[in-house]
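Asker: Sequence first, predicted model second:
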Amino acid sequence: MHQHPTYITPEMAAETVMKNLSHESRLIVTGQIGCGKTTLAKEIRRRLGLTCLHIDDFHREADPHLAATQAADRITGGWVAEANVWQIPQGIWDAADLVIFLDYRNFVHYLRILRRCLGACAHKPTWTNIRRQMGDEWSHMKIIYHYANKNRAGWQERGLNANREIPVIRCGSPRAASKLVACLGTPRPPALACIKELQ
């Protein structure tokens, strides 16, 4: 029988683990599609001076998990990795000091996906781009509709990952996530903008 995971609340984290973060820290920002993982990871990068590791960037590699893990190993200093829960390699889980889990209600995902779609279409208002963006984001909405609640129930039962030693901060709303990051203080110069600059 699985032991249910214990999450750290953002309020508790602001007074404990967040105060210990530095430019050497290794963080994971995760959640389901459309929760704002990339946006939050970039803000954490700005405030702590970390390298940003977008796991999605490695999906075309022969072994995406191995490529992402090796990229993290090559980073000098700390990093913040962001991806959907199921995309994160075990090597990244094992190396991380802290996980920030964006666990929002489904309607928040729908609104953020819609906003992302409108922004991308407005940025490049060609019929080809609009059709592609709408198709992609409609697929993302269907994934949330069909799987989000099942995923959430599974993670509540089993935890996000087999490595139970990593502290996990669960943010139940975008406001909670913003308040959490605000306690990191003023931005610092980043070591690298993102992992692509290492390649």
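Answerer: Nice, I can see it. Numbers count the residues shown, from 1 in each chain.
Asker: residue ranges for the strands of this protein, please.
Answerer: Ranges of strands within the chain are 26-31, 51-54, 79-84, 98-102, 168-171, based on DSSP state E.
Asker: Dump the fourth one to CSV, keeping only the CA atoms.
Answerer: Below are the C-alpha coordinates for strand 98-102, written out as CSV (Å, rounded to 0.1, in the frame of the first residue of the first chain):
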residue,chain,number,x,y,z
LEU,A,98,13.4,21.1,-4.5
VAL,A,99,10.2,20.6,-6.5
ILE,A,100,7.6,23.3,-7.1
PHE,A,101,4.4,21.5,-8.2
LEU,A,102,1.8,23.7,-9.9
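Asker: what bridges to the nearest residue in space to Val168 that is not next to it in sequence?
Answerer: Leaving out its chain neighbours, the residue that sits closest to Val168 by CB to CB, 6 or more residues apart in numbering is Val99, at 4.5 Å. Any C-beta I mention is one placed from the backbone N, CA and C, and that applies to glycine too. Val99 forms beta bridges with Ile28, Val168, as assigned by DSSP bridges.
Asker: Output the strands of the chain in JSON lines; the columns should cover mean neighbour count.
Answerer: As requested, the strands of the chain are arranged in JSON lines below (neighbours: other CB atoms under 10 Å):
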{"stretch": "strand 26-31", "mean neighbour count": "26"}
{"stretch": "strand 51-54", "mean neighbour count": "24"}
{"stretch": "strand 79-84", "mean neighbour count": "25"}
{"stretch": "strand 98-102", "mean neighbour count": "23"}
{"stretch": "strand 168-171", "mean neighbour count": "23"}
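Asker: Switch these over to a markdown table; also include mean pLDDT and distance to Ala182.
Answerer: Shown next, in a markdown table, are the strands of the chain (pLDDT from 0 to 100; distance: least, CB to CB, whole Å):
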| stretch | mean pLDDT | distance to Ala182 |
| --- | --- | --- |
| strand 26-31 | 95 | 15 |
| strand 51-54 | 94 | 19 |
| strand 79-84 | 95 | 16 |
| strand 98-102 | 94 | 13 |
| strand 168-171 | 93 | 12 |
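Asker: for the residue lying closest to Gln87 once chain neighbours are set aside, what are its contacts?
Answerer: Leaving out its chain neighbours, the residue that sits closest to Gln87 by CB to CB, 6+ apart is Ile55, at 5.1 Å. Shown in contact with Ile55 (CB atoms under 8 Å, 6 or more residues apart in numbering): Pro64, Ala68, Ala81, Glu82, Ala83, Gln87, Ile88, Pro89, Ile92.
Asker: neighbours around the nearest residue to Ile113 once chain neighbours are set aside, how many?
Answerer: Nearest residue to Ile113, sequence neighbours excluded (CB to CB, 6+ apart): Gly34, at 4.0 Å. Number of residues near Gly34 (other CB atoms under 10 Å) recorded here: 25.
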